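Participant: this one's structure only:
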């Protein structure tokens, strides 16, 4: 399968790209606004992994990355998500769209969940996506640093919401191809806010606990 | 130390009472609106544990339970929390008040977090509590069934918020006296909503995953 990571040049993009590259046999296409930046990131991600895996990680413009992929992961900041989805609407028609983004606000005490008017970023993406393109919320709370460091044995969960059960299951299966990631279905997109809300909580835990930097969540 | 569990005759009350009874040497006072119901619950909790632990679990009216305790855990439904705190205000003056309650709503897709106007149940309790009584949010996401079943080796986290760092630390230490519970500080009460929001999420996970009934969360 071919998986595009739109906006995939940041920390989360790197983490998910190297894990998909090393733990699965899918093709991974890093997308960025310029193809040059995407190719540069893809090469850099490949430098730290074995050659065979590195060969499966490519770079392209966001538009080209999305148009050639079966699954598109939207690794863009929450305030760019809507515009990104609209700009790519033609390229997204035959894909399953995955959104890990979360709306955050910050004050002197910590980070807080700030959903958009639609109720969650996942709902916002579903509103903006082309009709018929299934939208799945997933990968919100994976620790980017742990993902990118292949020396780390992962042991984290990801929760998956979406209104199309087949698309949800597809992303659950994809997530579980990554060693050490367990994916759980969490129902339709109306259940997204509580999942997105874990991200600011994880940042707060890092602020108040030295040993809890870059952690994920497990449910057991 | 003496710990009161106001409204302690429900599932969570039972779970936290038997764990505190068995794993710590504190006195535990189950509170209920009538002393009879509280005593009956205390006797019933004691029937499943060793005699020495059972002797440390008592029953009393909510008012009497609160007036003799250093720590009061409010194991009451969220819509009763405000009235309970106001009714007990005299008895709560010398205590540290702990609230595990969460506001929930339910629709056909699942449970959703519904904070009160104050922003969180923890904030509501802080507003209603007597001046000078420290309020701590904790124990929100502990699985009641696992707690009550002493055959289960716990391996769960609890997150602790409060505006008084000493009170927060006291409750972190108390929680960690329970074998298998790890407590993490999560800052002031403004950080409570994301913690309270995990409870509906856990209920949704149980709905969509057979193997995830009565689970807690861990952060790692």
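Facilitator: Thanks, I have the structure now. Remember, predicted model here, so these are calculated numbers, not experimental data.
Participant: Spatially central residue in chain A, please.
Facilitator: Geometric centre of chain A, nearest residue: residue A:100, 4.2 Å, by CA atoms, centre = their mean.
Participant: I'd like the distance from stretch A:55-71 to the chain centre, please.
Facilitator: Centre-to-centre, stretch A:55-71 and its host chain are 14 Å apart (CA atoms, centre = their mean, to the nearest Å).
Participant: Can you point out the buried residues in that stretch?
Facilitator: Residues A:56-69, A:71 are the ones in stretch A:55-71 that count as buried (16 or more other CB atoms under 10 Å in any protein chain shown). Where C-beta positions appear, they are placed from N, C-alpha and C, glycine not excepted.
Participant: Chain B next: which of those residues are close?
Facilitator: Among these, no residue lies close to chain B (CB under 8 Å from any CB of the partner chain).
Participant: So which of those residues are in helices?
Facilitator: When helices are assigned by DSSP state H, the members of the buried residues of stretch A:55-71 inside them are A:62, A:63, A:64, A:65, A:66, A:67.
Participant: all helices of chain A, in order?
Facilitator: With helices called from DSSP H, chain A shows them at A:11-23, A:35-47, A:51-54, A:62-67, A:78-87, A:121-128, A:144-148, A:165-177, A:192-196, A:198-208.
Participant: Go through those helices and name the closest to residue B:157.
Facilitator: Among the helices of chain A, helix A:198-208 comes nearest to residue B:157, with 9.3 Å by CB to CB.
Participant: and the closest one, does that touch chain B?
Facilitator: Yes. Helix A:198-208 lies within reach of chain B by CB under 8 Å from any CB, at A:198, A:200, A:201, A:202, A:204, A:205, A:207, A:208.
Participant: Export the helices of chain A to CSV and append columns for distance to residue B:166.
Facilitator: Formatted as CSV, these follow (distance: least, CB to CB, whole Å):
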stretch, distance to residue B:166
helix A:11-23, 36
helix A:35-47, 47
helix A:51-54, 51
helix A:62-67, 51
helix A:78-87, 37
helix A:121-128, 38
helix A:144-148, 32
helix A:165-177, 42
helix A:192-196, 31
helix A:198-208, 15
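Participant: out of these, deepest packed?
Facilitator: Ranked by mean neighbour count, the helices of chain A are led by helix A:192-196 with a mean of 27 (mean count of other CB atoms under 10 Å in any protein chain shown).
Participant: by contact count, what packs against that helix?
Facilitator: Under the contact criterion of 3 or more CB pairs under 8 Å, 6 or more residues apart in numbering or on different chains; DSSP states H and E, helix A:192-196 touches helix A:121-128, strand A:135-137, strand A:156-162, strand B:110-113, helix B:198-208.
Participant: which parts of chain A sit against chain B?
Facilitator: Within reach of chain B by CB under 8 Å from any CB, chain A has these residues: A:107, A:109-110, A:112-113, A:155-156, A:159, A:184-188, A:190-191, A:193-195, A:197-198, A:200-202, A:204-205, A:207-209, A:212, A:215-220.
Participant: Look at the residue of chain A most remote from its centre and report its pLDDT.
Facilitator: What lies farthest from the middle of chain A is residue A:108; by CA atoms, centre = their mean that is 27.8 Å. If you check residue A:108, the pLDDT there is 92.
Participant: Please tell me how far it sits from residue A:163.
Facilitator: The spacing between residue A:108 and residue A:163, counted by CB to CB, to the nearest Å, is 38 Å.
Participant: Also residue A:205?
Facilitator: 31 Å.
Participant: mind giving me CSV with the residues of helix A:198-208 next to chain B and columns for pLDDT?
Facilitator: Shown next, in CSV, are the residues of helix A:198-208 next to chain B (pLDDT from 0 to 100):
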residue, pLDDT
A:198, 98
A:200, 97
A:201, 97
A:202, 97
A:204, 97
A:205, 97
A:207, 95
A:208, 95
